[in-house]
Each structure stands twice: as structure tokens, then as C-alpha cells.
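In: Build me a structure from this.
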Amino acid sequence: MAHDILFFLAADDEAAAATRLRGPGAAFESVSCHFIDPDTAIAEWDMYFEEPSAEAPSSEQLYAWRPWPEWVVPPLNDGVEVIALPKRLTRALAKASLAELEELADRWTARLWSEDGDEMTDDDLLAVLQGVARLAASAVHTGGGLYSWSF
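Out: Residues are numbered from 1 along each chain as shown. Okay, here's the model as predicted:
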């Protein structure tokens, strides 16, 4: 589980990879959250838009999901990683309705609660999704990419 996660816009994988050592910083528009696994969150969001359901996926379903989010920069001993969100997920988030984001937030919250209980993130997950959806809309409009940086 990553302590600090930033979902951010970048022009391409090279620009996203360049954030590895210092994080996206003020040069990149971003949304932050804490104490989640970004790769499983990205996979869950992708699963939701590809196979809509209000029910949270089981761990087995989630970890079997393909394609799994791809690293732009794999984690090294320091734990920092940069992941590209799939283009199809970026497009889906960009056009998601508030009702879809609310349902996804409820389902994501239910899964995290079942796994982490009282240790679950205290971030407003709907606000995180709404922020990421805004970034996705910008990425679609500009032709850039949507990424996560975590430590």
C-alpha cells in the first residue's frame, strides 16, 4: 500500500517517467490521495467501466483483471512507482456521469473497507474520483496521458 499517491497529467510516458525522483510537483496538474494501492484502484476502476456492477469485486476477480495497469517506472527499493492509466479507462473517466462516479466510489469504499477496516484511507473517495475524472477529461482533450505516482 502506497502512503502518498498523485494522479497527474503528463504529455507522454517520458514526461511521466521524469517525475520518478521528485514526484509530479506543481508543474503537473494532479489529485492526491493516501494509503491505497494505485494499481488495484486503477484495475478496479477499469473493471467497473468495462463490466459495470454495483458490487465490489472479490480479490480473486480484481487480481485476475487484464490488462493490469502498466508501469512507466517500476518500483525500485525506494518504493516509488509511476503507472500509466489505460487509455480506455481515461476515456471512460472523462465521460463518466456523476451517478457512475458515485456508484464506483461506493463500490471502491466497500472493497477497501472489507480489506482494510479501520485502517482504510480517510480520503473522500468520491472527491478523488471526481478529480481524476476532471484530469481524464483534460487528458482526452489535450491528447496527453493520465498517470499515478506513488511512494
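In: Could you give the bridge partners of the closest residue in space to Pro75 that isn't next to it in sequence?
Out: Leaving aside its sequence neighbours, Pro75 sits nearest to Glu81 (Cβ to Cβ, 6 or more residues apart in numbering; 4.1 Å). In this view, the C-beta of every residue, glycine as well, is placed from N, C-alpha and C. On the basis of DSSP bridges, Glu81 is bridged to Ser150.
In: Glu81: how many residues sit nearby?
Out: Residues within reach of Glu81, counting by other Cβ atoms under 10 Å, total 21.
In: For it, which residues are in contact?
Out: Counting by Cβ atoms under 8 Å, 6 or more residues apart in numbering, Glu81 makes contact with 2, 38, 71, 73-75, 149-150.
In: Now tabulate the residues you listed in JSON lines and tack on neighbour count.
Out: Listed next are these as JSON lines, based on neighbours: other Cβ atoms under 10 Å:
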{"residue": "Ala2", "neighbour count": "21"}
{"residue": "Pro38", "neighbour count": "22"}
{"residue": "Trp71", "neighbour count": "13"}
{"residue": "Val73", "neighbour count": "19"}
{"residue": "Pro74", "neighbour count": "11"}
{"residue": "Pro75", "neighbour count": "15"}
{"residue": "Trp149", "neighbour count": "28"}
{"residue": "Ser150", "neighbour count": "23"}
